[in-house]
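Enquirer: model the structure of this input:
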Amino acid sequence: MDRIDCINTFLSVVEHGNFSTSAKNLNISRDLVSKRIQYLENDLKVSLFIRTTRRMNLTPCGEKFYQHAKVMMSELEWAKYEISYDQQYPEGELKINAPLSFSRDVLTDIISDFIQQFPFIKIDLYLTDSFVDIYEQQFDLTLRVDDVADHNFQNTVIGTYKRSFYASKEYLDKKGIPNTIDDLKKHDILLYSQKNSHNKITLSRNETTELIQCYPKFICNNGDLLLDLCTKGYGIVFLPDFIAKKYFDAGEISRCLEDYHSPMMNFYALYPNGQNISKKLQIFIDFLIRQFKTINA
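Expert: The predicted structure is shown next:
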C-alpha cells in the first residue's frame, strides 16, 4: 500500500473528523480509508485515533504524527512545485566534460551563445582529452568524438565528421606527396591516440577497405599539439576535419590521400544510464544539435 496515500488519508481524517466525510472528500470508499489508517498504525506500531461513535480523536502519538505529517506533505508539495518549475523555467548547474582540442576550436562560441540565451543555467565545463568516468566525477553530460558510440551509456549523436591526412607545404616539399598507402608507410605519421585504437587506421578506396598498422613518429591525445607539429613540418597528421579546419582554411596545411576515406567520426553526448534527462540538459543537447546543423550547413 502506498505510504503517501495513507498519510494523505490520515490528514484528511484528522481534518474532517471521521472516516465517512474523509472518504467523500477523497472520492474513495470508507473501507479503503479504514484500511489505509490501519496500515499506518501497523507500520508505526501505535494507535493513531481514539475511536468514538461521533468523532475520531487523536491519541498523543497520533497528535505527534499529525504534526510531522503536515510538515512532510508540505515539503513534498514544495518539492513537486520546484521540480515542475525547473522543467518549465530551467535553471541551475550543468556539469559537462568535453575534449580540450574540440572545445577550443568548436565549442567555445556555442557555449558563449548558450549562456547568453539561457542566463539562468550555469555551465561547469571540465576540459580533458582523456576519457573520464562520468559516474565517479558526477558529470551530467560528457561530449566525445569517436567512430563508435559507447553503449555503456545513454547517448545522442550531435554530428558526424570525416578524418583526413594533413601536412604542411614545407613537409611535402621535403618528403614528397603520398598518393598510396604504401607511400604513406615511408612518411612520419603524427597520430591522435584513441582508446583501444592500437595505432590502426581503417581506409577505403574504390569499395576496397584496408586496415593499416601505423608506426607513428609521435602519438598524443591532444589535437592542438599534433597540429602545431604538423604546421611546423614534423610529419603527416590524421585528424577529424573539424579540428584541422582553421589551419586548412588558412592555407597552413594541405590534405593528402584524398582518394581514401575513413569511417565517419561521431560527435556525441553521453549521460548516465537510467537517468531521466532534466529539462536543462535536454535544452543543452537540443541547442548543440541546432548549432552543429548550422555549422555543417
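Enquirer: surely N155 is in contact with P272?
Expert: No. The pair N155 / P272 is not scored as a contact, 10.8 Å apart, by CB atoms under 8 Å. All C-beta spots, glycine's among them, are computed from the backbone N, C-alpha and C.
Enquirer: would you mind listing the buried residues in the longest helix anywhere in the chain?
Expert: Criterion DSSP state H: the longest helix present in the chain is helix 60-88. Neighbour-count burial for helix 60-88, counted by 16 or more other CB atoms under 10 Å, picks out G62, F65, Y66, A69.
Enquirer: next: stretch 207-216.
Expert: Buried residues in stretch 207-216 (16+ other CB under 10 Å): I212, C214, P216.
Enquirer: same check, this time on stretch 269-278
Expert: Buried, per 16+ other CB under 10 Å, within stretch 269-278: A269, L270, Y271, S278.
Enquirer: and for stretch 287-297?
Expert: For stretch 287-297, a neighbour-count test (16+ other CB under 10 Å) marks F287, L288, Q291, F292 as buried.
Enquirer: which of the helices or strands spans the last one?
Expert: Per DSSP states H and E, F292 falls inside helix 279-296.
Enquirer: packing partners for that helix?
Expert: helix 60-88, strand 92-98, helix 108-117, strand 121-127, strand 141-146, strand 154-161, strand 265-271 (3 or more CB pairs under 8 Å, 6 or more residues apart in numbering; DSSP states H and E).
Enquirer: now distance to A244 and mean pLDDT too, for those, in TSV please.
Expert: Shown next, in TSV, are the helices and strands packed on helix 279-296 (distance: least, CB to CB, whole Å; pLDDT from 0 to 100):
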stretch	distance to A244	mean pLDDT
helix 60-88	40	81
strand 92-98	18	89
helix 108-117	17	88
strand 121-127	19	90
strand 141-146	13	83
strand 154-161	10	82
strand 265-271	12	83
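Enquirer: out of these, which comes closest to L184?
Expert: strand 265-271 (19.4 Å; CB to CB).
Enquirer: quick one: strands adjacent to that closest one?
Expert: Its sheet considered, strand 265-271 pairs with strand 141-146 (antiparallel), strand 154-161 (antiparallel) by DSSP bridges.
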